[in-house]
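In: just coords:
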C-alpha cells in the first residue's frame, strides 16, 4: 500500500512540476480563434501539441516571432526569434536562430494535431513571443528569404 501511494505521489509531482504553456491561435485575416497550441518541457526538448482547425491542408512554416503582437495580419510580430543574433535560418535542429520550429502538418480535414518536438527550446524561452503559422512550408534556408513560408495566416501570443 505504501509503495503504491509513493508511486502515485511521485507521478503527481512529476506532472505538476512539468512546465506547460497554452497559447490560443487566431486567424490573421479575421481574428477568429482556430484552436490552441500546448507547450510542455520534456527531457528531449519542447513538446508542441497543436489542436488547430480551419487551416489549409499541407505543410506550414511554424515559427516563433520576436514581438507579442499579431496585428496587421501578423506583420507586427516582427522577425523570427533570434536571441543570439545568429541572423541565420537553419531550422530547428541547426545552429541558426531559435524561431524555427518543425513544420506544422495539417491534414486534408484542415486539422493540425500531430505532436512536434523542438529540441533547442523550453517553455521559459517562449514568454513574450508570437507563435506564427505561415501559408506555405519551410525549407529552413535563407533563400528564398525566411525559408519561403509566405503569408502569415495564423498567430498567437505567448503570455
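Out: Structure's in. What do you need? Just so it is clear, the model here is predicted, and its values are computed rather than measured.
In: residue 130 contacts residue 64, correct?
Out: Yes - taking contacts as Cβ atoms under 8 Å, residue 130 lies within contact range of residue 64: 7.2 Å. Yep, even glycine has a C-beta here, placed from its N, CA and C like the rest.
In: neighbour count winner among the two?
Out: In terms of neighbours (other Cβ atoms under 10 Å), residue 130 is the more surrounded of residue 130 and residue 64; the figures are 25 against 22.
In: who's in contact with stretch 47-58?
Out: Identification of contacts with stretch 47-58 by Cβ atoms under 8 Å, 6 or more residues apart in numbering yields 25, 27, 32, 34-41, 101-102, 104-118, 133, 135, 137, 153-154.
In: going through these, which ones are buried?
Out: Among these, the ones that count as buried by 16 or more other Cβ atoms under 10 Å are 25, 27, 34-35, 37, 39-41, 101-102, 104-106, 111-112, 116, 118, 133, 135, 137, 153-154.
In: re the thing from before, which ones among the contacts of stretch 47-58 lie within strands?
Out: 25, 27, 34-41, 104-106, 116-118, 133, 153-154 (DSSP state E).
In: just checking, which helix or strand of this protein averages the lowest pLDDT?
Out: helix 2-17 (a mean of 42; mean pLDDT, DSSP states H and E).
In: could I get the phi/psi values of the closest residue to residue 88 other than its chain neighbours?
Out: Using Cβ to Cβ, 6 or more residues apart in numbering and skipping the chain neighbours, the partner closest in space to residue 88 is residue 96 (3.7 Å). Per-residue torsions, residue 96: phi -80, psi -160 (degrees, to the nearest 10).
In: quick one, what contacts residue 96?
Out: Applying Cβ under 8 Å, 6+ apart, we find residue 96 in contact with 86, 88, 89, 90.
In: give me the neighbour count for the first one.
Out: Around residue 86 sit 15 other residues, with neighbours defined as other Cβ under 10 Å.
In: quick one, what contacts the closest residue to residue 29 other than its chain neighbours?
Out: Spatial nearest neighbour of residue 29, chain neighbours left out: residue 73 (6.8 Å); criterion: Cβ to Cβ, 6+ apart. Residue 73 is in contact with 28, 29, 151, 152, counting by Cβ under 8 Å, 6+ apart.
In: what of residue 157?
Out: The contact partners of residue 157, by Cβ under 8 Å, 6+ apart, come to 23, 68, 69, 70, 129, 130, 131.
In: out of the residues you listed, which end up buried?
Out: Neighbour counting with 16+ other Cβ under 10 Å marks 23, 68, 70, 129, 130, 131 as buried within these.
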